[in-house]
Every structure is written in structure tokens, then in C-alpha cells.
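K.L.:
structure of the sequence below:
(2 chains)
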Amino acid sequence: MTMIQTQPQEPTLRESRNTSEDAVTFVTRDVTVHYGAKKALDNVSLDINKNDVTALIGPSGCGKSTYLRCLNRMNDIIPGCRVSGRILLDGEDVYAKSMDVVHLRARVGMVFQKPNPFPKSIYENVAYGPRIHGIARDRAHLDGIVFTSLEKAGLLGEVKDRLHEPGTSLSGGQQQRLCIARAIAVQPEVILMDEPCSALDPIATAKIEELMDELRINYSIVIVTHSMQQAARVSQRTSFFHLGVIVETGETEQIFTNPIDRRTQDYITGRFG
Amino acid sequence: MGSHHIVKSFDDQLKRLDQLIAEMGGLAETQLANAMDALIKRDSDKAAQVVGLDHRLDELEQEVDHHTVSMLALRQPMASDLRQIIAALKTANILERVGDYAKNVARRTATLAEMPPVPPALTVGRLGRLAQEMIKDVLDAYLARDVDKAHMVRERDKELDALHTSLFRELLTYMMEDPRNITACTHLLFVAKNLERVGDHATNLAELTHFAVKGVMPMTQRPQEDASYFAVAEPQGK
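P.N.:
You can find the predicted model right below:
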């Protein structure tokens, strides 16, 4: 009898990846975050694999965005925020005193819910990062980086004749891809995306999702999303957060067809917890 | 699946799906029972009623198809909901098949009633009762999401296969004894095969029940006891 099998299967090309040490970008252990007296994240441990899209799902206030912001220390700017536990990026302690936060945020780029291009030209939006990080050797090199980044972000074709128009003149979906190009321009290892499509229409969303699938060949991607269908479509691994803890992490297919934990089941099927 | 969906109409749709399957199952059971009853009693009128009612199962199957496709498109079900919907889609197909077998049995009944009776018809009756029980029990298991009960049905397929094999031999023997039995016995042979297939479908339904509840198919190989593939009748008879 033929039947949809939800048991572990031979990995397909799309899912295949190695699981050795060097295939893990972030190792996070016992991460606890307080905002003042309030505990937002409680002893969370998770590995982020290279070349995977990892989706973080869960109800509002479950800690998924808090966790995401720990990965490039975006929480540093929030008053009263305390982070404990270990967060290692390629074995390096992200919260070590010696860590250069500006450099860290180049290595771990971020794309936000609302596209936030700088009030500058399309070209300058992308060129800004490489310039301040001293990545570009000369003008020709910088041009190359800008073009390649726009190309990788799937935007070049649409903007190549208007590079000196303001970034804000683009449509919402184009602006979001411009923000992705800006993140890529500084050659990051990881791209964090916090609800990157929630302000976009379905076509712009599909373009970003297609882009994620291409980008993961070179980068690790972590995405926070409230759309479970989106998590199911774009990710290889999914973590379900609830009340500041990770309830379940697994292969995306397993999480959405046969979750182990009752709370995961209730959440993804839209039941009362 | 105890707790309720936040969107109540989703619960209503899932409930409706179970009701449709229950209705189909009840009808398939009745069709099979009536077909067997007509066969044993050599009642052509009753057999004709069975043939005439088969379209109702086809219509119900289409209703289940329509309902599941619309739920897949509009609800984007996940996890246990997704499995329940897929299982219902396949179950409806199985029950429609069971109805077809009942109809085939009924069609042959009209022919058999015109011929002198042959004794193996009684063994066919036993085979029919067993197949009916399996379908009834597995439907109860399916609707109650009772994996243990489903497993018990799956085990009983052995019994049905063994009975089918012995009936096969019995029919061969009667045909060798007297060539005038050949027509009736050949028809009974097809009836027996139909009933054996009903048992196989009950087994499939048991496996679907397991899948819907546990998310995986049962791991152990299903019992395969049908030895009729290898049955021969020696010229000397038994």
C-alpha cells in the first residue's frame, strides 16, 4: 500500500547536508534572557546548521525574536536586558569581551519585518557596509560588490538602470530585497530574518522565499515567522518556541506532519493549548 | 485529538468527514451483508437491489473527495489533521471498492440462482461473514482511532486467507467430481476471490488507522497466508 511516509527517509538532494562539527554555524547552550525582572528565554539550546534555513515558530511572546536577537547581540541596545548561557559562532563566544560587535553584525546580518533602506540611493544602500568595513579595495571593486549583491538578492535586473534613485522609491518587496542585498554585501555567514515577509504581498513573498532557497547554498539562514505555511515551505529545520522554552526542534517535514510534543501539535493545527 | 480548533468551523468540517466515512462504511457493510444473504438464499431480487444501490457509494465517495480537496485547499491542514484528511480520502476509495465487490457478488447470484445448488456455497457464506466482521470492526476502529482494535483486524486477515485457500481446494474438488458443477463453482470461485479482496482492504484500512493516529505506517509486515496461489487438485480427487 502506498502512503505518505513520515518516517525518517534517505535525505533528498534538497535536504542533504553533513552533520559534522564544521557544518554547525551557531552552537547555543542554556541561553537565558531577562528583560529586567521578566524572564523572556529560559535555558534554550539549539544548533544552527550551515546551509540550512532554520525556522523559529511559536505564538507572540514565546521568545523566538528574543532568541534571534541574541545571535548578533541586537539585544545589547535594549535597556535592562541580560543574557546568560553560551552562544558560539564557529566556536567563538559571541558575548566575549573581545568580540567586536560591529564586526559580528557584519558576519551575522539581519533583515527586519519592515523594509528599512537608508534614505540614500539604491547603490549607496548596498555600498555603505563594504565601505565602512573596508571590504572594497577601490571603486571598481565596490561596483563589483554592489552588482553581485543586487544580483544575488534577485534585484539587479529590476534596478540596474536606476541605481542612483532613492532606495525608498522601490516597492515594498523590492525594498526588502534591497535590504537583503545590503546584508549580503558585507559577506556574512548568517542572515537572520525577523518576519521578513509579513509586510509583503504574496508575489513579493514568493520572490523572497525563492531567494532564501538560493541564498542557503552560501549562507545559514534563521527566520522567525508567524506563517507556519512559510516555515514549512522554506525551512529544513524548525524549532517550536513556547513560553520562553524550545518545546521541539526537528526536521521541518517531521514537525509539520508528525510532531512529537502535544503542544507543538496543538499549535500547528490551530487548537487551544 | 481531544482539544478543539480555535476556528470552530474546521472542527465541524472534520466531524462531517467522519460522518461521511461512517455513512459510507455502514452502506458498504449493508451491501456486503445483503449480497451474501442473497447468495445463500438464492434470492435474485435481493441481489438486484444490491446492484441498484451501488451508485450511492460512488456518490458518497465523490462527496468525500470534494470535501477533502476543499479542506486541503482552504485550511492547509497540518499534522494529525492532515493525516486524518488523507486517511479519509483513501478510506472512501477503499469503501467504494468494497461496495464494488458486493455488487460483483450480487451479479453472480442471479446466475447461480438459476443453477442447481452446490455445497461449497455454505463455505462461501462463512468467508462472507468473516469479511463482513472485519470491515465492521475496522471501521469502528477507524472512527474511534483505536490502533489496538485495528491491529486485531489486521491479524484476522490470516484466518480469511486460510479459509479462502481451503474453499479454493473444495471448489476444485467439486469441479473434478462432476463437470456439471464447473459453471456454478467457477462463479463461486470469483465470489470467494472478491471476499478475499474485501479482507485485504480491511487490512489496508487497519493500516490507515494506524497512520492517522501514529503518523507512521505499522512497521511489521502484514500476514500473507493466501496459499491458494499454489493450490492444485490431483486427478484422484481429495
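K.L.:
what's the neighbour count on B:Lys46?
P.N.:
Residues near B:Lys46, counting by other CB atoms under 10 Å in any protein chain shown, number 16. For the C-beta atoms, the positions are set from N, CA and C on the backbone; glycine is no exception.
K.L.:
quick one: low-confidence ranges for the chain?
P.N.:
I'll assume chain A. A:1-22, A:273 (pLDDT under 70).
K.L.:
can you look at chain B instead?
P.N.:
B:1-2, B:220-225, B:235-238.
K.L.:
show me where it has helices.
P.N.:
Under the criterion DSSP state H, chain B carries helices at the ranges B:8-41, B:44-75, B:79-112, B:121-144, B:147-177, B:182-214.
K.L.:
try the stretch 1-150 of chain A
P.N.:
A:64-70, A:101-107, A:122-132, A:139-152 (DSSP state H, counting those that start in this stretch).
K.L.:
for chain B, which of those helices is the nearest?
P.N.:
helix A:64-70 (18.0 Å; CB to the nearest CB).
K.L.:
just the residues contacting that closest one, thanks.
P.N.:
Residues outside helix A:64-70 that contact it (CB atoms under 8 Å, 6 or more residues apart in numbering or on different chains) are A:28, A:31, A:33, A:40-41, A:44, A:46, A:56-58, A:74-75, A:83, A:87, A:94, A:192, A:194, A:222, A:224, A:239, A:241.
K.L.:
and chain B, which residues reach chain A?
P.N.:
Chain B has residues B:3-7, B:10, B:76-83, B:86, B:90, B:204, B:207-208, B:211, B:215-217 near chain A, with proximity defined as CB under 8 Å from any CB of the partner chain.
K.L.:
for chain A, see how far away the residue at minimal distance from the centre of chain B is.
P.N.:
Centroid check for chain B by CA atoms, centre = their mean gives B:Val198 as the closest residue, at 3.2 Å. To chain A, B:Val198 is 15 Å away according to CB to the nearest CB, to the nearest Å.
K.L.:
so what's that residue up against?
P.N.:
B:Val198 touches B:32, B:98, B:101, B:131, B:134-135, counting by CB under 8 Å, 6+ apart.
K.L.:
of those residues, closest to A:Pro117?
P.N.:
Nearest to A:Pro117 among the contacts of B:Val198: B:Val98, at 62.6 Å, using CB to CB.
K.L.:
how about that closest one, nearest residue that isn't a chain neighbour?
P.N.:
Take B:Val98 and drop its neighbours on the chain: the residue closest to it by CB to CB, 6 or more residues apart in numbering or on different chains is B:Ala28, 4.5 Å away.
K.L.:
got the contact list for the one you found?
P.N.:
Residues in contact with B:Ala28 (CB under 8 Å, 6+ apart) are B:57, B:95-96, B:98-99, B:102, B:135.
K.L.:
how far away is it from A:Ile223?
P.N.:
For B:Ala28, the distance to A:Ile223 equals 47 Å [CB to CB, to the nearest Å].
K.L.:
tell me the spatial nearest neighbour of residue 101, not counting adjacent residues.
P.N.:
Unless you meant another one, I'm taking chain A. Closest residue to A:Val101 apart from its sequence neighbours, by CB to CB, 6+ apart: A:Arg73 at 5.5 Å.
K.L.:
looking at chain B here, not the other one
P.N.:
What sits nearest to B:Tyr101 in space, not counting adjacent residues and going by CB to CB, 6+ apart, is B:Asn194, at 4.1 Å.
K.L.:
I'd say the one you found and B:Asn104 touch.
P.N.:
Yes - in terms of CB atoms under 8 Å, B:Asn194 counts as a neighbour of B:Asn104; the distance is 5.2 Å.
K.L.:
in the stretch 51-200 of chain A, which spans are strands?
P.N.:
A:53-57, A:81-89, A:92-93, A:108-111, A:190-194 (DSSP state E, counting those that start in this stretch).
K.L.:
closest one to A:Gly250 among these?
P.N.:
strand A:53-57 (11.0 Å).
K.L.:
thinking again about what came up before, tell me the contacts of the residue nearest to B:Tyr101?
P.N.:
Neighbours of B:Asn194 in contact, by CB under 8 Å, 6+ apart: B:101, B:104-105.
K.L.:
about what we covered before: minimum distance to A:Ser235: which of the helices of chain B has it?
P.N.:
With CB to CB as the criterion, A:Ser235 lies closest to helix B:79-112 of the helices of chain B, at 15.8 Å.
K.L.:
packing partners of that closest one?
P.N.:
Judged by 3 or more CB pairs under 8 Å, 6 or more residues apart in numbering or on different chains; DSSP states H and E, helix B:79-112 is in contact with helix A:252-257, helix A:262-268, helix B:8-41, helix B:44-75, helix B:121-144, helix B:182-214.
K.L.:
list the buried residues for it?
P.N.:
B:79-92, B:94-110, B:112 (16 or more other CB atoms under 10 Å in any protein chain shown).
K.L.:
kindly report the same for stretch A:160-172.
P.N.:
A:163, A:167-168, A:170.
K.L.:
could you export those residues as a markdown table, including distance to A:Thr249?
P.N.:
Converted to a markdown table, the buried residues of stretch A:160-172 look like this (distance: CB to CB, whole Å):
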| residue | distance to A:Thr249 |
| --- | --- |
| A:Leu163 | 42 |
| A:Gly167 | 36 |
| A:Thr168 | 38 |
| A:Leu170 | 36 |
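K.L.:
out of those, which one sits closest to chain B?
P.N.:
A:Leu170 (30.6 Å).
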